[in-house]
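Asks: I would like the atomic coordinates for the input below:
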Amino acid sequence: MESAEPMKQRFLKFNKLLDGSDDVTWDVVVLTAADDKQKIAFEKQIAVKRKQLPSQSKYLVVADPPGYKIGNGGSTLVVIAKLDEMFGSNFLKLKTLIIHAGGYSQRFPNASALGKAFVTLPLGAPLYDMMQMKLVSYVDFPGKMSSDSGGIFISSSDTIEVYHDGNVEWSFSNQGITALGHPSPLDVAVTHGVFVLESETEEKEEATTTTRIKRKCRHFLHKPSVEQMRETHAFLPKSSNQQQELALTDSAFFISAPVCQLLLEYYRHAAGGAIKCELDAYGDFLQALGTDCDGSYVTSTRNVVTATESLVDTRRQVFRLLRGTPLHVIALWSPDDVIWSDFHHIGTLREFRHHLCSHDSKLRRQLQLERVANCAGVVTSYDVTCEEHDDDVTTSTAGKMATVKDAAISWKEEPAANLPCVMTSRIGADVTIGEEAIVEFSRIGASSAVGRRSVVSGCYLADGSRVPSDAFVHTIAIKWRNDDDDAAAPRYVTVIYGIDDDMKSSRIRYDGKSVVGSTPSSLWYLKLFVACETPRESYDVTCARFVAYRAGKKELRIGDDDEELLFSMHDLISRKHVDAMLTLKRDLAAEVDDERTRSLIA
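Replies: As a prediction, the model looks like this:
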């Protein structure tokens, strides 16, 4: 379904909370961070956004302890211990939302410096970020928790769940775990968790609607094969208009107070207050639940990034701890579409471009995302045909922009067009933007052109600049001396990669070409980029080198030499100057607001 109405109602309720409504809401909202540096970055951004967050809630950032990679399951245990430390046993009465946001988003590099939770969407002024979208999507959930006890709702910062529950009354169980379930085709289900429900006749409860929304779960399958789903009868019943098989997949879940207490006791005593392996809150917690659960997954490392020595023992302990715990599923699906839901993942550049630019993006219609949001200036033309030229920049005009007095921009919609998206940017005269390109928090000089399918983030382009097609371009402010002096003048590094470059692969390819010679473990660690004194100079230097390399006119320079110091993405994230980056965003947003206001008055 693609109706925008359910989210409209949630936005209204969220805005009432901002105005001081006494509606039930979260007592505590927690963001998890990978380390203390990321924790500080998140705290600074929450402080900036504080007036756009409900004041009724307390906001915390909890970092993973140094050492082992502990996964979102380990992070959940660390947060529970922190809540107990701060609130004592009263934390079990609090309604808490955990948004797992740690990690450095190597497949979504415009989120690497400031975090996935603060990626913005083309909606509102100022723009909504992913953290706010979680609060909007879940605005009804605190009211569905018991008034006598609290619990913790577990979610991820790079997803948006859009749903309509048919106005059926339901609640989270105050015993066990209650998960959200969404209908997904099998090619999606094999990469997610899948719920195998008890049949309605087995549950022996009177249905309150054509399909009961709150169901008991027999078995949770983590990234199963199609054959495994078939053998366990995980497919949803087919409706008359259904074109393909569907399964009920996971997204987020609620942990009741008794289970929170169990997990706390395990972490404090059995684990000794330290997790030394990667635990998955979905794979390791949910697989231990349900009437038909078994421990066969405990020894499997198929879905584990890093298998440490203690992994199997820790998994076995968690399985024994949670085995027999009830698992309920809020089945956000019915054959007649009275109940429906969509789960949207925004964790890669490809997904980001699809959701914001594609003509068939469900999320764009469900949230009514804009093509141009909170911008000043006028994009003169956009390009759908994307003819290539010697400078590898799209300049042909396939359609004209309609300009309006308040400097907002309206795209001439074409049903089959994957049009660009522009957010909080200053656009000069005679600017052309290519099909499916995204421009965010940037200044684009007059007579400039942005190539097709490129993402431009935080960049300052001089008049007449050219952004190559199929490129990711991002400017990061860094601490030049690699110290903790936030007052020191920053330097700026612009990175450019091919839009489909894999930052994590051990087979290093830059702009689609194999990199030979002495190389690090992945593109993330490859030193390619020079630091400059201004964002504009940084873009000019990096872009000139990239265009020459793409055209085969220049060899790729890797690593440091006697002439200049080069940086990798890993270096930049370690040195990032958060204050400088937030100042640039704040100043640009203020400039855009001023220009839009002057335009309205004129």
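Asks: where does the prediction get shaky in the stretch 501-602 of the chain?
Replies: Residues of the stretch 501-602 of the chain meeting the criterion pLDDT under 70: 559-563, 602.
Asks: residue ranges for the strands of it, please.
Replies: Along the stretch 501-602 of the chain, counting by DSSP state E, counting those that start in this stretch, strands occupy 509-510, 513-514, 529-532, 566-567.
Asks: same list, those, but as JSON lines with mean neighbour count and distance to residue 595 please.
Replies: (C-beta placed from N, C-alpha, C; glycine too.) Below are the strands of the stretch 501-602 of the chain laid out as JSON lines (neighbours: other CB atoms under 10 Å; distance: least, CB to CB, whole Å):
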{"stretch": "strand 509-510", "mean neighbour count": "18", "distance to residue 595": "38"}
{"stretch": "strand 513-514", "mean neighbour count": "12", "distance to residue 595": "41"}
{"stretch": "strand 529-532", "mean neighbour count": "21", "distance to residue 595": "27"}
{"stretch": "strand 566-567", "mean neighbour count": "20", "distance to residue 595": "34"}
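Asks: looking at the ones you listed, which is closest to residue 553?
Replies: strand 513-514 (13.5 Å; CB to CB).
Asks: so what strands line up beside that closest one?
Replies: strand 509-510 (antiparallel) (DSSP bridges).
Asks: list of residues touching the strand it pairs with?
Replies: Residues external to strand 509-510 that are found in contact with it (CB atoms under 8 Å, 6 or more residues apart in numbering): 497, 498, 501, 502, 515, 523, 526, 528, 549, 556.
Asks: before we move on, back to that, would you format the strands of the stretch 501-602 of the chain as CSV with distance to residue 368 included?
Replies: Below are the strands of the stretch 501-602 of the chain laid out as CSV (distance: least, CB to CB, whole Å):
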stretch, distance to residue 368
strand 509-510, 38
strand 513-514, 40
strand 529-532, 37
strand 566-567, 39
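Asks: between the contacts of strand 509-510, which is nearest residue 480?
Replies: residue 528 (17.9 Å).
Asks: low-scoring stretches of the stretch 101-250 of the chain, by residue?
Replies: 200-211.
Asks: so which of the strands of the stretch 501-602 of the chain gets nearest residue 360?
Replies: Using CB to CB, the nearest of the strands of the stretch 501-602 of the chain to residue 360 is strand 509-510, at 28.9 Å.
Asks: follow-up on the earlier one: in CSV, list the contacts of strand 509-510 along with distance to residue 307 and neighbour count.
Replies: Output for those, formatted as CSV (distance: CB to CB, whole Å; neighbours: other CB atoms under 10 Å):
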residue, distance to residue 307, neighbour count
497, 29, 25
498, 31, 18
501, 27, 21
502, 22, 16
515, 28, 17
523, 24, 25
526, 26, 23
528, 31, 23
549, 37, 18
556, 34, 16
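Asks: farthest pair in the residues you listed?
Replies: Across those, no pair lies farther apart than 502 and 549, at 17.8 Å, counting by CB to CB.
Asks: report all helices and strands that the helix or strand hosting residue 162 contacts.
Replies: Assigned by DSSP states H and E, residue 162 belongs to strand 159-164. Strand 159-164 is packed against helix 5-18, helix 130-137, strand 177-185, strand 246-256, strand 340-345, helix 362-367, with contacts defined by 3 or more CB pairs under 8 Å, 6 or more residues apart in numbering; DSSP states H and E.
Asks: can you give me the helices for the stretch 401-550 of the chain?
Replies: Using DSSP state H, counting those that start in this stretch, the helices of the stretch 401-550 of the chain run over 535-550.
Asks: top helix in this structure by residue count?
Replies: Counting by DSSP state H, the longest helix found in the chain is helix 578-601.
Asks: one step back: so which of the helices and strands packed on strand 159-164 is nearest residue 601?
Replies: Of the helices and strands packed on strand 159-164, nearest to residue 601 by CB to CB is helix 5-18, at 26.1 Å.
Asks: so what are the sheet partners of the helix or strand just after that closest one and their directions?
Replies: Using DSSP H and E, the helix or strand that follows helix 5-18 towards the C-terminus is strand 28-33. Applying DSSP bridges, strand 28-33 is found paired with strand 58-63 (parallel), strand 95-100 (parallel).
Asks: show the subsequent helix or strand relative to the first one.
Replies: It stands for strand 58-63. Next helix or strand after strand 58-63 toward the C-terminus (DSSP H and E): helix 71-87.
Asks: report the angle between that following helix and strand 246-256.
Replies: Counting by axes from the mean of the first three to the mean of the last three CA atoms, to 10 degrees, helix 71-87 lies at 20 degrees to strand 246-256.
Asks: other SSEs contacting helix 71-87?
Replies: strand 28-33, strand 58-63, strand 95-100, strand 151-156, helix 257-265.
Asks: reformat these as TSV; add distance to residue 536 and mean neighbour count.
Replies: TSV is the format used below for the helices and strands packed on helix 71-87 (distance: least, CB to CB, whole Å; neighbours: other CB atoms under 10 Å):
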stretch	distance to residue 536	mean neighbour count
strand 28-33	32	24
strand 58-63	33	20
strand 95-100	35	25
strand 151-156	36	24
helix 257-265	51	18
